Structures are given as structure tokens and as C-alpha cells.
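Show me the folded form of this:
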Amino acid sequence: MTTTLQTIHDVPVLLCAPDGETIARESDALDLIGNAGYQGATWVVVPVERFDESFFRLRTRVAGDIIQKFVQYRVGLAVVGDMSRHTTASSSLRDFVRECNRGQQTWFLADVDELRERLKD
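Okay, here's the model as predicted:
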């Protein structure tokens, strides 16, 4: 898995490359969290295309399970990229994304520049 450690507004962030292993299970999340911890990152940025399609179908519980691992280990998760295909098809997912974006732990963002803005505060 190709990752890069970057500091954004004094926050260590692990950036995952768009190409790489698909994230589909809790164990995949734990791998990312472990890598983040090893490198000293407090946030992990994952491009939307890295997630398995099941992540975007809330009834599978994949998104909830993965996000719960990040919460449990106190590592922020930023999913970056265009999610419109998924949120247009599911009002539940659209509501889920909106609720996550209101918090401080998990964000669904258009790009890393948007993350930079959110981490300014």
C-alpha cells in the first residue's frame, strides 16, 4: 500500500494513494490504523475509489464497521473524492455523509484541499 505522511496545519496525516488494495473489511481498516500509528499520523486520508462497493451500501454495515474502528482507535478518517454516484442513489448514504461531516472524527470531502481547510480550525 502506497502511503505518504504529510503534516497539514501541525496535524500528521497519512495519505493513501488512489491505487492499492481495496478496503472492504474491518481488518483492512486496522491495517491502515496500524500504519498510521506506526508513522505517527492522527488522520488517514483514503480516496473514495479505494473502498469496496459494499462500503457505500449502508445495509451491509461495512461503512459502520470500518468507521467504528477509526473511532475506537481515535484516528480521524477522511474519505476524499467524488461520492455523488453513491449519494445520488441512496438518501440514507447522503444523510450518513452529512452527519459524519458535522462531527470531528470522520469526514467525506471533495479533495485534500478541503481537508486542509477543515484542519485549520
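
Find the residue ranges of the chain scoring beneath the pLDDT cut-off.
Low-confidence regions of the chain, defined by pLDDT under 70, span residues 1.

What segments of it are helices?
Secondary structure of the chain by DSSP state H: the helices cover 26-39, 62-72, 84-89, 91-102, 112-119.

any chance of those helices in a markdown table, plus distance to Phe51 and mean neighbour count?
From N, CA and C alone the C-beta is placed, and that goes for glycine too. Listed next are the helices of the chain as a markdown table, based on distance: least, C-beta to C-beta, whole Å; neighbours: other C-beta atoms under 10 Å:
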| stretch | distance to Phe51 | mean neighbour count |
| --- | --- | --- |
| helix 26-39 | 9 | 17 |
| helix 62-72 | 8 | 17 |
| helix 84-89 | 9 | 13 |
| helix 91-102 | 12 | 13 |
| helix 112-119 | 17 | 15 |
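
would TSV of those helices with distance to Glu53 be doable?
Output for the helices of the chain, formatted as TSV (distance: least, C-beta to C-beta, whole Å):
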stretch	distance to Glu53
helix 26-39	14
helix 62-72	9
helix 84-89	9
helix 91-102	12
helix 112-119	23
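
so which of those gets nearest Thr3?
Evaluated with C-beta to C-beta, the helices of the chain place helix 26-39 nearest to Thr3, the distance being 6.2 Å.

same for that closest one, what does it pack against?
When contacts are defined as 3 or more C-beta pairs under 8 Å, 6 or more residues apart in numbering; DSSP states H and E, helix 26-39 sits against strand 3-8, strand 11-16, strand 43-47, helix 62-72.

redo that, cut-off 7 Å
On a contact count with 3 or more C-beta pairs under 7 Å, 6 or more residues apart in numbering; DSSP states H and E, helix 26-39 meets strand 11-16, helix 62-72.

Ok, which of the ones you listed comes nearest Pro47?
Minimum separation from Pro47 across the helices and strands packed on helix 26-39 (C-beta to C-beta) falls at strand 11-16, 6.5 Å.

Run the angle between the closest one and strand 3-8 for me.
What separates the directions of strand 11-16 and strand 3-8 is an angle of 150 degrees, with axes from the mean of the first three to the mean of the last three C-alpha atoms, to 10 degrees.
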